[in-house]
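# Provide a 3D model corresponding to the input given below.
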Amino acid sequence: MRLAGFHIENFKSIGPTGCLIRIDEIVVLIGRNNVGKSTILDAYEALASSGAPLDPGHFHNQDPSVPIVITGFFDEVSDEDEARIGRGWRFPHADFGDCVAFRYVWRAPHERARKQSYDPDTAAFEDGGLGGFDALIMSRIPQPVRIRPTDPMDTTQARLLAMLKEHVKQSLKADASQTQAAFEQIEQLAQQIFAGARQAFDEVSERITRHVGQVFPGTSIELVPRSKDALDEKLIAADSYLRVTNGSSAPLELQGTGLQRALLWSTLSVMSSGPRRRAADPSQPRILLIDEPEAFLHPPTIRGAREALYAFALGNPDWQVIATTHSPIFIDLSKDHTTIIRVDNSPGAAPHFISTDQVSFNAEERERLKMIRACNPVVNEFFFYDDIVLVEGATEQIALLSVAQDLGRDVHVINALGKANLPMFARILNHFEVPYTVIHDADTRFARTARGYQRNAMWTMNASIRAAVGAAGLGRIHTQFPHFEGEYFGEAIKSGKVDRVLRALEDRESEDFRRVAAAYLRIIEGDPEGETTTQPAFDRKLDAYLTSHVAPGDPLWLQPDLPVPETGH
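As a prediction, the model looks like this:
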């Protein structure tokens, strides 16, 4: 049985309409300031507390008369699970499939919540229920480890030390050749185990030092334990600390925030290195709840932190991650088991989310996503916007942003770095359920190559773009015949395209500028004139272009010995 998601009502800034959160290996929460991203992490901690009392500030609008309700949904319910909780509790859910559900209801401040279970027979939540569920909840809800950028350093240090302790302890248990004898002869060999643990901590410290040193050269990290009891849970005792050497030696709490934050990511990287482990203790899953992981980091370090976070979530079966962020760099759609959720507390706002498992990118698409992100690290910024336009290259991007700026419109333009990438981005936006516009070149039916005229693959791509956009009915398409320069300048140029559009935009009195501005103004304003979203609309614009601009027998459009590339025309 696995926690698949949770629903929050009347908790802090989240009101009665509620907020549904899906649990994945890594969940990234995005959204504007003060929309409730951190509140979701707070709500998870309340859910994992088994109904511990809450103070008045946790109630929506600080109104204790309206109960707080946090519901957990569990899927993958096994026969063994049903033997513990009893049969008859499973039901089909629109988001989580075959599952069981329970909730905690807080009716007053400073009082424990009442547990209720969903009974499919009555289609309602009933007090109690689910016989052995209390113990099962605690064993199956990942226990949270919360890290905030505003936490005092000693708090963060204690949590890092606890994570490192567990990592080293599991490593010691797994390495029977060095530690099994010591565990069998506890009294006689306690010092031996302590020495082994000390060595293991030193090895971990050295690896962390290598990571931190990439950002802060000459820095070294040392773990200073206080206990000598090898099997004591306080092997890293309360007064243990991390010592940093960087010119001089000092505890971590006396270092700068950038180095402190870099240590967090280095710790996660070390815990994620090596082959994926099997769960050491499946009954005690954990979840890292981290606010604004990009805080205090130098831009290149943010990219390393992203890799560390994803590797930690995907490489440690005992751990999952929920992170809040304002940085598009922390969104990586090339990774499996990743869910992006945009939080919006506006009245009537629909949730927007995307799961990489549901989109199911193939290997080629994953490589394309990595390449695009490498060329444009903030390409995923579109997840933060509603007014989105997809273009295939820099020419359209420059022209569109220039017109939007003149209008005072905040339009987000995604440069897909090529026409072939447009269907992939359309699929992403379809899953995220936001409206968008695509602007692309039609290109020509045939292309001239060193071997003569051949079918043009980019012409065939027109149909692929229409199919991807039409799959969800959220997008609109505007096609330029045969390309941007031909549509607005009546030219066909192979180089200097960016310079050409810049010259046109600089001369506000030119006909070139007027044509571009008028066309892109209609697109930004949502005018349907000229749309080519459907096959008939595309064909009408194609016929008009062929009639007015293409000479009979033009080899780029007619090759009697070659079949016409598929577009339906």
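
# Tell me the buried residues in stretch 443-461?
Buried residues in stretch 443-461, counted by 16 or more other Cβ atoms under 10 Å: 443-447, 453, 456, 458-459, 461. Heads up, the C-betas are built off the backbone N, CA and C, glycines and all.

# likewise stretch 420-433?
420-432.

# Give me the contacts around that stretch.
Stretch 420-433 is contacted from outside by 333, 340, 342, 350, 352-355, 358-359, 361, 365, 368-369, 372, 382-383, 388, 390, 392, 414, 416, 436, 438, 440, 458, 461, 464-465, 467-469, 471-472, 474-475, using Cβ atoms under 8 Å, 6 or more residues apart in numbering.

# from these, which would you call buried?
Buried, going by 16+ other Cβ under 10 Å: 333, 340, 342, 352-355, 359, 361, 365, 368-369, 372, 382-383, 388, 390, 392, 414, 416, 436, 438, 440, 458, 461, 464-465, 468-469, 472, 475, out of the contacts of stretch 420-433.

# quick one: low-confidence ranges for this protein?
129-133, 153-154, 156-157, 160-161, 164-201, 204, 208, 211-219, 221-283, 564-569 (pLDDT under 70).

# and it, what are its domains?
1-142+286-371, 151-284, 385-549 (automatic domain parsing).

# if we can go back for a sec, what's the closest of the buried residues of stretch 443-461 to residue 311?
Residue 311 has its nearest neighbour among the buried residues of stretch 443-461 in residue 461, at 34.4 Å by Cβ to Cβ.

# who's in contact with the helix or strand where that closest one lies?
Per DSSP states H and E: residue 461 is located in helix 457-470. Helix 457-470 is contacted from outside by 419-420, 422-424, 426-427, 430, 438, 440-447, 475-477, 479, 532-535, 538, 565-568, using Cβ under 8 Å, 6+ apart.

# Name every strand pairing with the lengthiest strand in the chain and say which way it goes.
For the chain, the strand with the greatest residue count under DSSP state E is strand 97-106. Here strand 97-106 is paired, per DSSP bridges, with strand 68-75 (antiparallel), strand 91-93 (antiparallel), strand 114-119 (antiparallel).

# Name the next helix or strand downstream of the last one, please.
Towards the C-terminus, the helix or strand next in line after strand 114-119, according to DSSP H and E, is strand 124-127.

# If you count neighbours, what's buried in that next one?
In strand 124-127, counting by 16+ other Cβ under 10 Å, buried: residue 125.

# Same check on stretch 43-54?
So, applying 16+ other Cβ under 10 Å, buried residues of stretch 43-54: 43-44, 46-49, 51, 54.

# C-alpha coordinates for it, CSV please?
Provided in CSV are the C-alpha atoms of stretch 43-54 (Å, rounded to 0.1, in the frame of the first residue of the first chain):
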residue,chain,number,x,y,z
ALA,A,43,-0.2,20.3,5.3
TYR,A,44,1.8,17.2,4.5
GLU,A,45,3.5,17.4,7.8
ALA,A,46,0.1,17.7,9.5
LEU,A,47,-1.0,14.5,7.6
ALA,A,48,2.1,12.6,8.6
SER,A,49,1.6,13.7,12.3
SER,A,50,-1.3,11.3,12.7
GLY,A,51,-3.6,14.2,13.6
ALA,A,52,-1.4,16.1,16.1
PRO,A,53,-3.0,19.3,17.5
LEU,A,54,-2.8,22.5,15.4
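
# what about it, distance to the chain center?
25 Å (Cα atoms, centre = their mean, to the nearest Å).

# residues touching the nearest residue to residue 493 once chain neighbours are set aside, list them.
Closest residue to residue 493 apart from its sequence neighbours, by Cβ to Cβ, 6 or more residues apart in numbering: residue 485 at 5.5 Å. Residue 485 makes contact with 395, 491-493, 497, 500 under the criterion Cβ under 8 Å, 6+ apart.

# so which of these is the most crowded?
When neighbours are counted by other Cβ atoms under 10 Å, residue 395 leads the contacts of residue 485 with 22 neighbours.

# What residues sit buried inside the helix or strand hosting that one?
Using DSSP H and E, the element containing residue 395 is helix 394-407. For helix 394-407, the neighbour count (16+ other Cβ under 10 Å) marks 395-404 as buried.
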